[in-house]
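Participant: After the sequence you'll find the predicted model.
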Amino acid sequence: MPTSRLLLATLLTLAAASNLRADPIRCDLTQYRPSKGLTAALADDTLVLTWQGDRARELRLRLAIADGRPVIRDLAVRGAGAAWAVLGENLTPEYHVVTGVRRMTTQQADPLKAAGVEITQDVIDKNRWYAFWDSPLEMPAPPAAGGRGQTNTRVLGGPRSPDEIRRADATFSASSCRVRTDGASVDVSFPGLTMGIFAGELRFTVYRGTNLIRMDAVAKTTEPWVAYKYDGGLGGLSTTLTPRVAWRDTGGHPQQYAFGGVANVTLVPLKAANRVLVAEGKSGSVAVFTPPHTYFFTREVDTNLGYVWYRKDAAGRFAFGIRQAEREEVQQYVDNFALFNAPPGTEQRMGVYFYASAESAEPTRQSVLAFTHGDTFKPVAGYKTMVNHFHLRFTERVRATKSFDTPVQDVVAMKGLGLNIVGLSDFHGDLHANDPGAVRFKDQQDYAEATRRASDADFLVTPWEEPSAYFGGHYNILFPKNVYWSKVRKEGQPFSEQDPAFGRVYHTGSADDVQKMMDAEGALWYHAHPRTKGTTGYPDLIFDKPWTKNDRYLGVAFKPGMGMDLSEARMCEWRCFDVTDTMNNLYAGSGLRPKYIIADIDTYQKAPEDDLYPNFPVNYLRLDKVPGPDEDWSPVLAALRNGDFFVTTGEILIPAFKVEGTGDKRTVVADVEWTFPLSFAEVVWGDGKKIDRQIISATDLGPFGSKQFRLPFDAAGKAWVRFAVWDSAGNGAFVQPVWVK
């Protein structure tokens with residue numbers, strides 16, 4: 001934020017915080033239902049929310065309006081029979097938004113052109129929302145300064161100009177509020193929020209059974225093709241009540257800042273581990289943190305860009321919150337920083353989380369980390385965690401160490417997440433991907449040995465690949481053992497032969513060759529990043545091809561974040577779920593097995609200090625054990641092919657699922673465990689023509705719970721069915737579709 005704008009925002013914040021005069025407050029309570037442990041009441045121009053938190057704590061949030069601005073008169077916590085401990089007084093919400101223009105990329109256009117699709121304006125408008133190599137805030141460097149003139153040559157629509165970028169701070173003109181009960185939560189909305197091209201309301205939500213508070217700028221724009229980022233937080237915190245902020249750095253070391261220094265001209269971004277910052281005082285602490293996954297659009301790397309901030313505004317006053325950077329730090333990827341989408345008229349929910357506690361900073365931070373299992377994937381009996389698709393230049397880097405026994409830090413970092421099976425994707429700009437024979441086979445031999453050395457009794461690294469040859473779009477191929485093959489078949493070269501150095505080898509020069517090889521070796525494949533990047537137009541363009549209408553084709557990747565839209569209730573709705581549901585309708589009754597959605601990563605080099613968890617959906621495969629380094633990987637492929645797995649962002653687990661009954665009267669049965677308060681469960685089905693669903697509200701289910709869902713399902717005329725669960729933070733989990741008949 002430019003210095004002049006920040007100073008103005010700071011002055012407005014201080015003025016609002018110091019103004020103790022409350023405007024008269026009128027609240028619509030018609031949608032509020034009082035319940036034990038969760039109440040709202042008007043008193044002295046203040047709306048008072050009280051609710052039961054965790055650890056037998058009670059919390060209080062007193063809301064008012066001052067000069068049209070919503071204000072937190074106080075945030076307090078107390079134990080049973082104890083006095084209220086005030087953690088903050090006269091706190092003022094603040095938001096800042098930066099917008100640019102969304103463009104389609106040449107990366108999306110190229111596969112369409114290759115398939116004979118004309119790049120019309122309608123095609124551009126359909127696909128631009130799912131751009132990956134887009135960077136709306138990256139401007140051309142002046143040629144005189146040695147720049148290229150246009151920074152991002154990967155986008156359609158001409159060079160960007162600085163006037164495309166608009167910045168705005170939130171202003172408020174509230175005179176009333178609306179209070180609404182939704183299950184075990186109460187939200188309070190204040191209309192009159194304006195933020196540049198956005199307009200809407202400010203909303204606070206509290207949840208019975210937890211100390212969580214969610215703050216949202218809920219706003220729409222009428223402008224076309226808006227890409228944006230937002231920062232949010234609270235100002236007016238007192239250094240008397242909370243005299244320091246604390247966090248862990250990316251090395252895991254405890255850090256703190258005591259507010260005795262000078263005032264800040266700009267906000268202070270912190271590269272905090274786990275995206276958590278805590279304001280600490282004698283009576284307790286308040287943490288601020290990001291939504292775990294929806295705050296993060298897809299990038300090529302997972303480096304921590306500093307997602308939390310503080311700002312000392314004046315003697316005795318400071319602010320803190322969450323932030324997104326405006327550009328990538330790794331120079332190689334500056335043209336890839338796509339931001340969020342805001343289609344016209346959609347209600348964007350710009351969330352910030354707070355956690356109030358009577359504890360000191362570190363226990364408070366640990367309470368926040370419980371919502372993401374400490375940023376790890378929780379072990380589940382009978383399951384092993386698996387992810388695929390990493391471009392680490394693994395073999396090149398291991399060779400450079402002169403020892404295949406030297407650990408690669410990327411794999412160390414992923415093992416620390418609680419992963420059991422990691423599929424790599426070398427030959428992606430490295431090694432000799434298009435060599436027709438011995439050179440590539442030697443690369444494959446070293447690749448296999450290096451991954452073998454990186455594996456252990458409960459951790460498997462596999463030498464797989466993203467060949468993206470002949471079938472259409474980008475895809476990953478999974479073998480049950482190491483296979484020597486080339487993507488090039490020279491004239492006169494046999495499809496398969498016995499090589500004296502490598503044994504059985506394959507040379508492929510067509511889709512038929514690749515299919516024959518997979519049939520011979522028991523391989524499976526699925527499309528990476530469906531309907532975007534190099535898979536734009538796919539798999540739709542090959543729905544009728546024999547290699548797609550085939551049980552060796554599993555389906556598509558669940559890679560959210562390309563087209564991240566904070567108005568959507570589900571991540572990757574059109575790219576992942578719609579395309580898979582469409583395929584299962586097309587193939588219903590064909591004798592094929594269902595098509596699935598496989599959690600997939602598709603990123604480059606990483607390290608233990610990187611912020612991996614937000615960008616890692618995971619597959620939980622039903623496996624008793626991980627295949628050892630010298631065993632084949634058939635059990636992994638069998639679990640995938642049989643749909644014997646569920647996918648999750650980590651916060652929701654579905655350890656058991658089945659469809660009970662016969663005939664038309666069936667019951668969908670699912671055991672579910674979760675951390676954040678839930679939002680809804682859904683049963684989705686298709687009849688061979690259309691897709692439909694039943695939404696089951698789950699807002700009455702508090703945090704850190706478990707439940708067996710038993711949902712009657714009328715199977716008459718239905719072809720397939722699947723089940724999914726989504727929580728209040730936008731996190732999700734889902735099982736794979738099953739044929740009904």
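Facilitator: Arrived safely. Numbers count the residues shown, from 1 in each chain.

Participant: longest strand anywhere in the protein?
Facilitator: The residue-count maximum for a strand in the chain (DSSP state E) belongs to strand 85-101.

Participant: can you list contacts of the helix or strand just after that strand?
Facilitator: From strand 85-101 onward toward the C-terminus, using DSSP states H and E, the following helix or strand is helix 106-114. Under the contact criterion C-beta atoms under 8 Å, 6 or more residues apart in numbering, helix 106-114 has outside partners 119, 123, 127-128, 130-133, 153-156, 472-473, 532-538. Bear in mind the C-beta positions are built from the backbone N, C-alpha and C, glycine included.

Participant: Buried residues in the helix or strand immediately after helix 106-114 in the chain, which are they?
Facilitator: Next helix or strand after helix 106-114 toward the C-terminus (DSSP H and E): helix 121-127. Buried residues in helix 121-127, counted by 16 or more other C-beta atoms under 10 Å: 123, 127.

Participant: Using CSV, write down the CA coordinates of the helix or strand just after helix 121-127.
Facilitator: Per DSSP H and E, helix 121-127 leads on to strand 166-169 as the next helix or strand towards the C-terminus. Only the C-alpha atoms of strand 166-169 are listed here, as CSV (Å, rounded to 0.1, in the frame of the first residue of the first chain):
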residue,chain,number,x,y,z
ARG,A,166,-6.9,0.0,-8.5
ARG,A,167,-6.4,0.1,-4.8
ALA,A,168,-8.9,0.9,-2.1
ASP,A,169,-9.4,0.8,1.6
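
Participant: So the residue nearest in space to the middle of the chain: helix, strand or coil?
Facilitator: In the chain, the residue lying closest to the centroid (C-alpha atoms, centre = their mean) is residue 293, at 3.3 Å. Following DSSP: H, G, I helix; E, B strand; the rest coil, the label given to residue 293 is coil.

Participant: Please report phi then psi for the residue lying farthest from the centre of the chain.
Facilitator: Centroid-distance maximum for the chain: residue 492 at 47.9 Å, with C-alpha atoms, centre = their mean. When read as degrees, to the nearest 10, the backbone of residue 492 gives phi 90, psi -10.

Participant: Distance check, it against residue 520.
Facilitator: Noted for residue 492: a distance of 21 Å to residue 520, by C-beta to C-beta, to the nearest Å.

Participant: Now do the helices in the stretch 351-500 of the chain.
Facilitator: Taking DSSP state H, counting those that start in this stretch as the test, the helices found in the stretch 351-500 of the chain are 361-369, 394-400, 409-416, 438-454.

Participant: Which positions in the second one come out as buried?
Facilitator: Residues of helix 394-400 classed as buried by neighbour count (16+ other C-beta under 10 Å): 394, 395, 397, 398, 399.

Participant: that older thread, export the helices of the stretch 351-500 of the chain to TSV and tack on distance to residue 655?
Facilitator: Converted to TSV, the helices of the stretch 351-500 of the chain look like this (distance: least, C-beta to C-beta, whole Å):
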stretch	distance to residue 655
helix 361-369	22
helix 394-400	32
helix 409-416	22
helix 438-454	28
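
Participant: Reformat those helices as JSON lines; add mean pLDDT and distance to residue 569.
Facilitator: Formatted as JSON lines, these follow (pLDDT from 0 to 100; distance: least, C-beta to C-beta, whole Å):
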{"stretch": "helix 361-369", "mean pLDDT": "98", "distance to residue 569": "24"}
{"stretch": "helix 394-400", "mean pLDDT": "97", "distance to residue 569": "37"}
{"stretch": "helix 409-416", "mean pLDDT": "96", "distance to residue 569": "29"}
{"stretch": "helix 438-454", "mean pLDDT": "97", "distance to residue 569": "38"}
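
Participant: Thanks again, I'm all set now.
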